[in-house]
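Participant: Sequence plus predicted model, see below.
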Amino acid sequence: MKPKFNPNKIGSGELRTPVCFYQYAPNTGPEPGEGELIQIYECFAEVYSASMKDIEILNSGKEQKQLKFMNTKNAVTINIRDSFGEFFPDTEHYAELQDDRYSKMIDGVRKYIRFNVIDVRPNLTKNDFITILLAVIT
């Protein structure tokens, strides 16, 4: 009996959009809060519109002990390759999709939209990709 080979739905050719993950650092001054951003990881991702499952996750924020994400401006889902311990995204991280469609011009300088990481779903069966739900919360 020959085992049947099932190719991945996502290949390296679909990972076209550069993504940078950031984390806020604590303020160095006497005032409390967070200040400067630290870039912690960068990679390529497959970007697509949020599915109904992802929108349902956005609407059920109370169950996750977070604020309800009613004021979501923009939501996307990305797939990144699993780095096997080098980096694992967290809901405290922020992401920038370095694509012109996710940017705006401010004073002649291109600024990429900063997304909040809302949900992280690793693929536990094949251990090859991580699905991340990103949203801009106001």
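Facilitator: Sure thing, it's come through. Residues are numbered from 1 along each chain as shown.
Participant: rest of the way, CA atoms for contacts and neighbours
Facilitator: Will do.
Participant: Give me the distance between G35 and N74.
Facilitator: 24 Å (Cα to Cα, to the nearest Å).
Participant: List the strands paired with the biggest strand by length in the chain, with their directions.
Facilitator: Assignment by DSSP state E gives strand 34-49 as the longest strand of the chain. Sheet pairing of strand 34-49 (DSSP bridges) gives strand 17-26 (antiparallel), strand 72-81 (antiparallel).
Participant: For the closest residue to D54 other than its chain neighbours, what are phi and psi?
Facilitator: When the adjacent residues along the chain are set aside, D54 lies closest to L133, with 6.8 Å between them (Cα to Cα, 6 or more residues apart in numbering). Per-residue torsions, L133: phi -90, psi 120 (degrees, to the nearest 10).
Participant: Okay, and the beta partners of L133?
Facilitator: Counting by DSSP bridges, L133 is bridged to T77, D119.
Participant: what's around it, how many residues?
Facilitator: By the criterion of other Cα atoms under 10 Å, L133 has 24 neighbours.
Participant: any idea of the pLDDT on it?
Facilitator: With respect to pLDDT, L133 scores 94.
Participant: cool, and the one 5 residues further on?
Facilitator: T138 is assigned a predicted lDDT (pLDDT) of 70.
Participant: That one and R114: what is the separation?
Facilitator: 12 Å.
Participant: Compare the two (neighbour count), which wins?
Facilitator: More crowded of T138 and R114, by other Cα under 10 Å: R114, with 20 against 9.
Participant: Quickly list what the closest residue to Q98 other than its chain neighbours is bridged to.
Facilitator: What sits nearest to Q98 in space, not counting adjacent residues and going by Cα to Cα, 6+ apart, is P18, at 5.4 Å. Counting by DSSP bridges, P18 is bridged to F44.
Participant: From what I see, P18 and C43 are in contact.
Facilitator: Yes - at 5.8 Å, P18 counts as touching C43 under the criterion of Cα atoms under 8 Å.
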